[in-house]
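> Here's a sequence, model it:
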Amino acid sequence: MMANIDTDIVVMAIWGIIFVIFLIKLFQSIRLVPTKSAYIVERLGKYHATLDAGFHALVPFVDKVAYIHDLKEETIDVPPQECFSSDEVNVEVDGVMYISVVDPVKSSYGVTDYRYAAIQLAQTTTRSVIGTLDLDRTFEERDVISAKVVEVLDQAGAMWGIRVHRYEIKNISPPETVKNAMEMQVNAERERRALLAKSEGDKQSKINRSEGIKTEMINHSEGEMQRRINEAEGKAEEIITIASATAESIERIATVIAAPGGKNVVRMQLGSQYLKQFEGLSQSASKVVLPGNLMDFEHWMNSVGLDDKN
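So this is what the prediction gives:
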C-alpha cells in the first residue's frame, strides 16, 4: 500500500514538473520584439524566420530565438595599434567607427562576430593606408584614411549584413622623439613667419612713410604752382583793368578835346598842373622855384596839338 502511494506521488511530481516546463516554454514562445530590433528564429536547428517589431508566438519545443540583433546605429571603438609610415616612423593610431545591421540573417550566419571582424578589418586597412603616406601627410590625410577604411568595410559588410556609416581616426601618436622634433619644427616655422611678418610690416611702414612724403611734396608743389597762377592771373587782371581804365580816360579826354573849346580847357588844366608842380617844389625847399623858360611849356603844348589857334 505504501509503495503504491509513493509511486503515485512520484508520478504526480513528474507530471507537475512536465506541466511547469510546458508553462515555461509556453511563456517563452510568446515574444514581444522592440522597435529597431530583429529576432532570428530557428526551427529544429534550422533558420526559420526573422521577427520584426511587434507580438509573435512561437511553437514551443520546436522554435527557438537563436540571435537577437539591435538595428540601431552603434559606435565601436577601434583599439590603438602600431603602424609604420612610408618614411619608417612608428605611430600609434586608434579610431572609432559607426555601423548598423542591415541584414540580420547575414549578420547571424555570414560571420561569427561581425563587430570583431569589422574592428580587425579596420585596423589592417588603416595600417595599409598609413604605410603609403609620410608622417607629415598622415596628419593631413585623415579624411583619405577614413574614406579608404569605409570603402573596404562596405565591401566586406555586404557579406556580413552590416553597413559602415563612418570611420574616424581619433589619435595619431608618434614617438616622443618625433614629437619633440615636430614641436621644434613648428616653433621654427612660427618664428620664421613672425620675422617675415615683422619685415613685411617694416617694409610697408617705410613705403607708407615715403608715400606720405611724396604726397606732401606733390601737394606743396601743386599749392605753390596754384599760388603763382593765381598771382599771375591777378596781375593780368590788374593790368587789364588799368589798361581798360586808361583807355577809357583817353577816350574821354579825346571826346573833351574834340568838343568846342575843349582844347582850351585841357590847355588850362595842364598849365595849372604844371605850375602846381613848381609850387610844391618851392614849399619843400622854402624857396621860390620858377621854370627857366616858360616858353618850353608853350612849345610842348603846340607839339601835342593843343595850341590856342586850334
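
> for stretch 49-69, the distance to its chain's centre please.
57 Å (Cα atoms, centre = their mean, to the nearest Å).

> can you tell me the distance between the two ends of it?
Distance across stretch 49-69, first residue to last, is 13 Å (Cα to Cα, to the nearest Å).

> which regions of this protein sit below the pLDDT cut-off?
Within the chain, the stretches falling below the threshold (pLDDT under 70) are 1-6, 8, 11, 19, 26, 177-183, 250, 253-254, 256-310.

> care to break it down by domain?
Domain ranges of the chain: 2-70, 74-174, 260-310, per automatic domain parsing.

> I'd like the ones you listed as JSON lines, with distance to N208 and mean neighbour count appended.
Quick note: C-beta positions are derived from backbone N, CA and C, even for glycine. Formatted as JSON lines, these follow (distance: least, Cβ to Cβ, whole Å; neighbours: other Cβ atoms under 10 Å):
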{"stretch": "domain 2-70", "distance to N208": "67", "mean neighbour count": "13"}
{"stretch": "domain 74-174", "distance to N208": "38", "mean neighbour count": "17"}
{"stretch": "domain 260-310", "distance to N208": "67", "mean neighbour count": "12"}
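
> quick one: which of those domains is nearest I240?
domain 260-310 (27.0 Å; Cβ to Cβ).

> on that earlier part again, out of the domains of the chain, which is closest to S210?
domain 74-174 (41.6 Å).

> and the host helix or strand of V186, what other elements does it pack with?
Here V186 is covered by helix 176-258, with elements defined by DSSP states H and E. Judged by 3 or more Cβ pairs under 8 Å, 6 or more residues apart in numbering; DSSP states H and E, helix 176-258 is in contact with helix 262-285.

> So Q81: helix, strand or coil?
The three-state label given to Q81 by DSSP: H, G, I helix; E, B strand; the rest coil is strand.

> That one and N90 touch, don't they?
No - look at Q81 against N90 with Cβ atoms under 8 Å: they stay out of range, at 10.9 Å.

> Let me have the domains of the chain in TSV, adding distance to E191 as columns.
Converted to TSV, these look like this (distance: least, Cβ to Cβ, whole Å):
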stretch	distance to E191
domain 2-70	54
domain 74-174	19
domain 260-310	90
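
> nearest to S199, of the ones you listed?
Of all the domains of the chain, domain 74-174 comes closest under Cβ to Cβ, at 26.7 Å.

> how far does that closest one stretch from start to finish?
End-to-end distance (Cα to Cα), domain 74-174: 29 Å.

> that's a strand at D87, yeah?
No - assessed with three-state DSSP, D87 is coil; it does not lie in a strand.

> hang on, it packs against R137?
No - counting by Cβ under 8 Å, D87 stays clear of R137, with 9.6 Å between them.

> host element of L32?
Going by DSSP H and E, L32 is part of strand 30-33.

> Can I get that strand in PDB, CA atoms only?
Extracted C-alpha coordinates of strand 30-33, given in PDB (Å, rounded to 0.1, in the frame of the first residue of the first chain):
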ATOM      1  CA  ILE A  30       5.500  34.500 -26.700                       C
ATOM      2  CA  ARG A  31       7.900  37.200 -27.900                       C
ATOM      3  CA  LEU A  32       7.400  40.900 -27.900                       C
ATOM      4  CA  VAL A  33      10.000  42.400 -30.300                       C
END
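
> Out of the domains of the chain, which is closest to R193?
domain 74-174 (17.5 Å).

> Give me the distance between E237 and I24.
Noted for E237: a distance of 126 Å to I24, by Cβ to Cβ, to the nearest Å.

> hang on, I meant V152
46 Å.

> and if you look at G131?
Taking Cβ to Cβ, one finds G131 at 56 Å from I24.

> just Q226 next, same as before
113 Å.

> so A49, which of the three states?
Per three-state DSSP, A49 ends up strand.

> bridging residues for it?
V41 (DSSP bridges).

> Wait, it touches V41, no?
Yes - if you go by Cβ under 8 Å, A49 and V41 touch, sitting 4.7 Å apart.
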